[in-house]
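Enquirer: Need a 3D model of the following:
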Amino acid sequence: MRIIKPFCAVRAKAKIEKEFSTKSFEFYKKNEIHEILEINPNSFFNIIKENIFPEKEISQNSRYLKVKNEYLKFKKLGLVVKDKIPGFYVQEISSGQDTFTGVVAAASISNHKNGIIKKHEETLKSRELIFKNYLKIIRFNSDPVLLTYQSWNMLSKLIENVKKKPPTSSIDFNENETQKLWYVHNKSEIKEFSKEFNKIKSLYIADGHHRIASSKLLSEQENNMKAKYVMAFLIPENELKIQEYNRILTNLNGISKEVLLDRLKEKFKVKAHKSFNACQKKSGFCMYMNKQLYSLSLLKNQIKLPSLLYKLDAHILQEEILKPILGIKNITTNKIIYYSHRSDNMESIKTEIDKGNFTIGFGLKAVTVDQIKKIADANLSMPPKSTYILPKLRNGLTIYEL
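Expert: Now for the predicted structure:
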């Protein structure tokens, strides 16, 4: 079964590559994007601005067509250029103290259908349709789906051999972030990469569930072979970094703090602590409310099937607290729940609660790669926002045309 294939990426010319690439627009405040649009005509945001700040009076399809036309304008001006020979792209991301290396390639969507590419989250059909229609009109992928695989010695050697050569491009985006790219288009190297990747039995979606699901929908509607693939960044699982993904609530949805504690004691071993360190060493997860820190450990007689999911703090929190006690049925759309993943997370959450901006916070242990794989292999799904996985990939370093 073919796992990946080389492709001809569209890339920014060297003189504008630093200006062109952006993080996902979700990482910027609106005023920051407006500022970039004003001062940087070469930013990728200028291509997708109609999708970030849509005009109310035009249709969705008209908006997408504007994105496509802006992209074609960049190509016509020679600001972005398509590589002439299909290749793989070894990409190294240095961010702070972390370094990640992966291979950008076109991944076969058929492997998502047949179970080789495995998911651990459910997707929203409405979002799938929106993204599918977007792709159908704009005809390109600009941010890769993040796929991970069990560390493979021969692949690691191939990647390290490529990295011994000077990079095709090296971009210092700021003092904390450098990205290097090696364009691998030598026939023998392509053959070796393809051979080793095609030995992989399973790939796991680390980030980009909606992107690959929408690409799958499009592939089912079109005979175009390019639409049968999606741009992916493939990285060995030992290089992923998974951070905790905590919850913080503005209020208790109508119940008192006293009632909440009483209800929790029916299901959990609840213990007060003086420090986050002490709390995090306990089994279960942390809760901060009313200037008091607690550890919550689910009682054994409360564990339900499937037991795999009851090893996840996010699942226990959702199924045993948020839904039945606080009445939060849909954690994706509910307006009182927020998410946070910073490294100083619980301290910052404590500060926000003590200021009165929020009422309660839950500090969850980070999910492991092994948990993700077991849940995906069992065809189960984690709750939304169970994982915050690094690296976060930029837009526009490589573009795959459909």
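Enquirer: Kindly list the longest strand within this structure.
Expert: strand 98-108 (DSSP state E).
Enquirer: Give me the mean pLDDT for the helix or strand that that one is followed by.
Expert: Using DSSP states H and E, the helix or strand that follows strand 98-108 in sequence is helix 110-113. Averaging pLDDT along helix 110-113 yields 92.
Enquirer: For helix 110-113, what is the distance to the chain centroid?
Expert: When distances are taken as Cα atoms, centre = their mean, to the nearest Å, helix 110-113 is centred 19 Å away from the chain's centroid.
Enquirer: try stretch 124-132
Expert: The chain centroid and the centroid of stretch 124-132 are separated by 16 Å, computed with Cα atoms, centre = their mean.
Enquirer: Can you give me the buried ones in the longest strand of the chain?
Expert: 100-108 (16 or more other Cβ atoms under 10 Å). Just so you know, the C-beta spots here come from the backbone N, C-alpha and C atoms, and that holds for glycine as well.
Enquirer: Now that we have those, can you turn them into CSV and tack on distance to Ile399?
Expert: Shown next, in CSV, are those (distance: Cβ to Cβ, whole Å):
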residue, distance to Ile399
Phe100, 20
Thr101, 20
Gly102, 17
Val103, 16
Val104, 10
Ala105, 14
Ala106, 12
Ala107, 15
Ser108, 19
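Enquirer: Of the residues you listed, which is the nearest to Arg11?
Expert: The shortest gap between Arg11 and any of those belongs to Val104, at 10.7 Å (Cβ to Cβ).
Enquirer: and the residue most central in space within the chain, how far is that from Phe44?
Expert: For the chain, Asp207 is the residue whose C-alpha lies nearest the centre (Cα atoms, centre = their mean; 3.3 Å). Distance, Asp207 to Phe44, by Cβ to Cβ, to the nearest Å: 19 Å.
Enquirer: do the same with Leu260
Expert: Leu260 is 45 Å from Phe44, where distance means Cβ to Cβ.
Enquirer: before we move on, what about Lys180?
Expert: From Lys180 to Phe44 the distance is 19 Å (Cβ to Cβ).
Enquirer: what does Asn198 give?
Expert: Taking Cβ to Cβ, one finds Asn198 at 32 Å from Phe44.
Enquirer: okay, these two: which has more neighbours?
Expert: Phe44 (27 against 12; other Cβ atoms under 10 Å).
Enquirer: Report the contact partners of the more buried one.
Expert: When the contact criterion is Cβ atoms under 8 Å, 6 or more residues apart in numbering, the partners of Phe44 are 20-22, 142, 395-396.
Enquirer: Mind putting those residues into CSV with pLDDT, distance to Glu222 and secondary structure?
Expert: Formatted as CSV, the contacts of Phe44 follow (pLDDT from 0 to 100; distance: Cβ to Cβ, whole Å; DSSP: H, G, I helix; E, B strand; the rest coil):
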residue, pLDDT, distance to Glu222, secondary structure
Phe20, 98, 28, helix
Ser21, 97, 28, coil
Thr22, 96, 28, strand
Ser142, 97, 19, coil
Asn395, 96, 24, strand
Gly396, 96, 24, coil
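Enquirer: Between all of the residues you listed, which two are separated the most?
Expert: Greatest spatial distance in these: Phe20 and Ser142, 10.5 Å, computed using Cβ to Cβ.
Enquirer: Bridged to Leu234, which residues?
Expert: Applying DSSP bridges to Leu234 gives these bridge partners: Val103, Leu147.
Enquirer: The longest helix seen in the chain packs against which elements?
Expert: In the chain, ranked by residue count with DSSP state H as the criterion, the top helix is helix 60-76. Judged by 3 or more Cβ pairs under 8 Å, 6 or more residues apart in numbering; DSSP states H and E, helix 60-76 is in contact with helix 45-52, strand 80-82, helix 125-138.
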